[in-house]
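Trainee: sequence and predicted model, in that order:
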Amino acid sequence: MYRKLVVAVILALVLAPPAAARPTFVMPGVTYERILSWTSAGPMVVYVVTAPKPGGLYSLTPLLGKGAILGRETVSSMQRRASTQMTSIGVVGDFSSFVDGHPSGLLIRGGVVEHQPVQGRASIGVDTTGLLHLDRVPWYGRWHGPVFTEWRPIPWLNSGPRPQAATLYTPVWGGKTPAVKGTAAILDPFPPTNGRRDLTGTVTSVVTDTSVAIPPQGAVLVGRGIAQQRVLEEAPVGSTITVRIPLPEDWATVTDAVSGGPSLVKGGRPIFNAGEALTRAQLQGRSPRTAIGQRADGGIVMVVVDGRRPGWSIGITNWEFALTMMRYRCVTAFALDSGGSASLAFDGKLLNRPSDRSGERPVGEALVVAYTGVYVPPIAPTLSPNGDTVGDHETLSYKLVRTSTVSAKLIAPDGTSRELEAGPKPPGRYTLSWDGLDPAAGTRAAEGRYRWNVTATDEAGQVSTHERTFNVDNTLGFAQVSAKARQISFALTREANVRVTVETRHGDILRTVARGPRPPGTVTASWNGRDGRGKRVRRGTYVVRIAATSTLGVTQMRVPLRVVR
């Protein structure tokens, strides 16, 4: 009884959410946070993404490196390439080949099966209702010709050719089949490789011992060894062959899936050892790791843990990862590629610190939360239209990936709104600029909190809204630094609490040279060229940061500083 109580207490502590977690919205409905925690082994940096249940404007979508099975590309690069179709945040997908990028296990995209699963390992897929499925998916791909109706096995789909076996290649593989000894039957046309239905195609030619082009609307069946003889005998030119990919019944509605592993949480219970066919490096020890999970309400959780960086983050074990996914209330969770491939990116920008010295590693797959509604990029937090040429204009922008009817409004502190753009817009990025003037009166707009609000209704009738806020605040302005950086001056229009620091270009504070309340008017501060320990700073480029906190909030200015010895 005592032992059970101790275990329960430990689990309660492990599963308790971090008290200091403060997620921020990166796009409508999607949050991101970075958490630093301390373990007995050292520091651990965890990145957490939460998103709505897939459906409507949100989907869980695999991306392929270079858009093909044979291709490697960074997650951030894949996102940039897909940015005209979606705004996305996501992670690495399945384990993939270092040589050509082909995935190790199951891949389904848009209902089309593009790579077979691997025996002894699980896959995770999302169905048409937004529910995640976590199973070991069997593979019974097969074909037959018009005369001999006995089913022949297709053990491999878009994979490297194996001896004594048949492989089916579709356009997603790449331009041509591998050049190997064997016989290829070219099928043109041939339908997409959807599961659980008969797929038929006409043999237009049969060639032996050579690479052949894969028809854009077709496929190629390559047989080697005993499978070669069957292709020669049972798939003559002009015949029709039938292919079947019989996925399990409970995967009939799965539209997108990837492999990886191991399984971490299933049925609301953490898994200590899933018994999956993975390498020791993939299963054991502390490493950078990636996982995806789903909560009981359907919400998606993606987590990446940095590792192999002792001063930054020491990584995580799979069992700890299972408990971490439970902490974020996942009832289903699955690990994806790990090690140096573990990466997280948003809208083409890398968010974590991969362990490779070269930075973000090119991989074969990404798995992203894709959003197709209107997206408003971050904007400058302060507009200060006081004529000092710094922060005098606010750039207001938004992105559409579908043709939509748009209403773009600027909402003032008193709630009044002014529509800046309205009407139908094709997909694209749109940018406006506001100088802080009220166009009706021709005078400065009132200071305070403003909202940049964009609502879009796409051709399917789906409505999305995204909003960013900023302050119109003239409290701080006209900052100057003397030629030898001995004197710093700036103007305040109202009383404010100020802080003036000398920093490196990367934001490290070298010294605070002024702090505390100051009245309206010109404020000066002096600096003797030394850091907080009294040492002279080296020559180079630095930054003076001035922050003023008033009744309107915090406004800041950064002025470059050149130290010459």
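Mentor: Sure thing, it's come through. Just so we're clear, the structure is a prediction, and the values are computed from it rather than from any experiment.
Trainee: is it true that residue 403 touches residue 424?
Mentor: Yes - the pair residue 403 / residue 424 is scored as a contact, 6.8 Å apart, by Cβ atoms under 8 Å. Where you see a C-beta, it was placed from the backbone N, CA and C, and this is true even at glycine.
Trainee: comparing those two, which residue is more hemmed in?
Mentor: residue 403 (13 against 10; other Cβ atoms under 10 Å).
Trainee: any idea how far the more buried one is from residue 456?
Mentor: Distance, residue 403 to residue 456, by Cβ to Cβ, to the nearest Å: 10 Å.
Trainee: what do those two both touch?
Mentor: residue 425 (Cβ atoms under 8 Å, 6 or more residues apart in numbering).
Trainee: so where do the strands sit in the stretch 51-200 of the chain?
Mentor: 58-64, 87-92, 107-109, 112-115, 123-127, 132-135, 142-144, 152-153, 156-157, 166-169, 183-187, 198-208 (DSSP state E, counting those that start in this stretch).
Trainee: wait, which of these is closest to residue 507?
Mentor: strand 87-92 (24.2 Å; Cβ to Cβ).
Trainee: check the offset of that closest one from the chain's centre.
Mentor: Distance of strand 87-92 from its chain centroid, counting by Cα atoms, centre = their mean, to the nearest Å, is 2 Å.
Trainee: show me what that strand is packed up against.
Mentor: strand 24-27, helix 75-81, strand 289-295, strand 300-305, strand 344-346, strand 365-371 (3 or more Cβ pairs under 8 Å, 6 or more residues apart in numbering; DSSP states H and E).
Trainee: and residue 274, which of these is closest to it?
Mentor: Per Cβ to Cβ, nearest to residue 274 of the helices and strands packed on strand 87-92: strand 289-295, 12.6 Å.
Trainee: strand partners of the closest one, parallel vs antiparallel please.
Mentor: In the sheet, strand 289-295 lines up against strand 300-305 (antiparallel), strand 330-335 (antiparallel) (DSSP bridges).
Trainee: give me the mean pLDDT for that strand.
Mentor: Averaged across strand 289-295, pLDDT comes to 98.
Trainee: what of stretch 356-368?
Mentor: 97.
Trainee: mind jotting down where the strands sit in the stretch 401-550 of the chain?
Mentor: 404-411, 417-425, 428-434, 437-438, 443-444, 448-458, 463-472, 476-481, 487-492, 496-503, 509-518, 521-526, 540-550.
Trainee: output the first one as CSV - backbone C-alpha positions only.
Mentor: Extracted in CSV, the C-alpha atoms of strand 404-411 (Å, rounded to 0.1, in the frame of the first residue of the first chain):
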residue,chain,number,x,y,z
SER,A,404,-11.5,35.1,-49.9
THR,A,405,-13.7,38.1,-49.2
VAL,A,406,-11.7,40.3,-46.8
SER,A,407,-12.5,43.0,-44.2
ALA,A,408,-9.3,44.5,-42.8
LYS,A,409,-10.0,47.0,-40.0
LEU,A,410,-8.0,49.2,-37.7
ILE,A,411,-9.8,49.5,-34.3
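Trainee: which of the residues in it are buried?
Mentor: 404, 406, 407, 408, 409, 410, 411 (16 or more other Cβ atoms under 10 Å).
Trainee: thanks a lot, see you next time.
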